[in-house]
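Q: Got a sequence here, can you model it:
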Amino acid sequence: MYMIERQHQILQFIRQHKVVKLVTLTKEFNVSMETIRRDVQQLMQDKKIEKFYGGVKYIEPVEGLIDHRLHEQLTEKIAIAKACASLVQDGECIFIDSGTTTYQMTPFLLDKEKLTVVTNSLPVAFDLIGSNIEVILLGGKVRHSEKSVTSNEFLFRFEHLNINKAFICASGVSIEKGISDFSLDEAITRKQIISISQKVYVATDSSKFNKDVAIQVCPVDDVDVIITDDALSKKTIQHFSEKGVQIKTVNMA
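A: Prediction:
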């Protein structure tokens, strides 16, 4: 296992258990204490965890500006976005969410024919200007931190849209609370899109699993497929599969 892959899995383990002893990590990952200390030091520098005597604890993230998050786990986001774009067929009408993962879909869509993209993401709309893709931008209030537009039925008649596939982002994914987000406005827009879409895909990296944030967008039953990176543990995949949730993992090798 490569160092970066091991560190990612260590972070996932710590996030799941919240507080973990270093000796537990050595046993779980079958490596020396010296190796674990190096990995922990790197995760501390990345401000992902905090260290205390004999152990570490997970630092719960808070929502940041989209420009800051664009560069986080970029390799995973691009791979997930490419997998999402491969599901899009010529002539379809799709929804692309305002998240940093779905934003990465745009370059992989440019060769599609007679495609319509509905979006609440200003960066997505700007990227597609000048292409052959028809763009419908949701009307509503501009959310400056996310460069997104949050809509409601008063400002935009969602029922007139016929969306074949919706690609939604998530800040949290769990069996118990489903898909969740930090923003109430974003959650409301996503709920409305999900309710009118024929198929719903959630595009999110593995760090978002088994965690819940402020606002529930929808139960996992409302989602057709969750697309994520292959760092997601087999135990988590099995747990979701047992609940009837389909997960597609993207090979990062």
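Q: for the stretch 51-200 of the chain, what spans make up the strands?
A: Counting by DSSP state E, counting those that start in this stretch, the stretch 51-200 of the chain has strands at residues 55-58, 93-96, 116-119, 134-137, 141-143, 148-150, 163-168, 172-174, 178-181, 197-203.
Q: Reformat the ones you listed as a markdown table; add mean pLDDT.
A: Listed next are the strands of the stretch 51-200 of the chain as a markdown table, based on pLDDT from 0 to 100:
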| stretch | mean pLDDT |
| --- | --- |
| strand 55-58 | 90 |
| strand 93-96 | 97 |
| strand 116-119 | 96 |
| strand 134-137 | 92 |
| strand 141-143 | 69 |
| strand 148-150 | 70 |
| strand 163-168 | 97 |
| strand 172-174 | 94 |
| strand 178-181 | 94 |
| strand 197-203 | 97 |
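Q: Out of those, which one sits most buried?
A: strand 93-96 (a mean of 26; mean count of other CB atoms under 10 Å). Where C-beta positions appear, they are placed from N, C-alpha and C, glycine not excepted.
Q: tell me which strands and helices it is in contact with?
A: When contacts are defined as 3 or more CB pairs under 8 Å, 6 or more residues apart in numbering; DSSP states H and E, strand 93-96 packs onto strand 116-119, strand 163-168.
Q: Ok, which of these comes nearest Ser241?
A: Closest of the helices and strands packed on strand 93-96 to Ser241 is strand 163-168, at 19.9 Å (criterion: CB to CB).
Q: Using PDB, list the CA coordinates for that closest one.
A: Output of strand 163-168 as PDB, limited to C-alpha atoms (Å, rounded to 0.1, in the frame of the first residue of the first chain):
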ATOM      1  CA  ILE A 163     -34.200  16.000 -16.000                       C
ATOM      2  CA  ASN A 164     -32.900  12.600 -17.000                       C
ATOM      3  CA  LYS A 165     -30.000  12.500 -14.600                       C
ATOM      4  CA  ALA A 166     -29.100  14.600 -11.600                       C
ATOM      5  CA  PHE A 167     -25.600  14.700 -10.200                       C
ATOM      6  CA  ILE A 168     -25.700  15.900  -6.600                       C
END
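Q: for it, the distance to its chain's centre please.
A: Centroid separation for strand 163-168 versus its chain: 14 Å, with CA atoms, centre = their mean, to the nearest Å.
Q: For it, give me every contacting residue.
A: Here strand 163-168 makes contact (CB atoms under 8 Å, 6 or more residues apart in numbering) with 84, 87-89, 92-97, 99, 102, 105, 118, 179, 190, 193-194, 196-203, 217, 223.
Q: which ones are touching the closest residue to Asp185 other than its chain neighbours?
A: Spatially, and ignoring its direct neighbours in sequence, Asp185 is nearest to Thr150 (3.6 Å; CB to CB, 6 or more residues apart in numbering). With contacts defined as CB under 8 Å, 6+ apart, the neighbours of Thr150 are Asn120, Gly140, Lys141, Arg143, Ser183, Asp185, Glu186, Ile188, Thr189.
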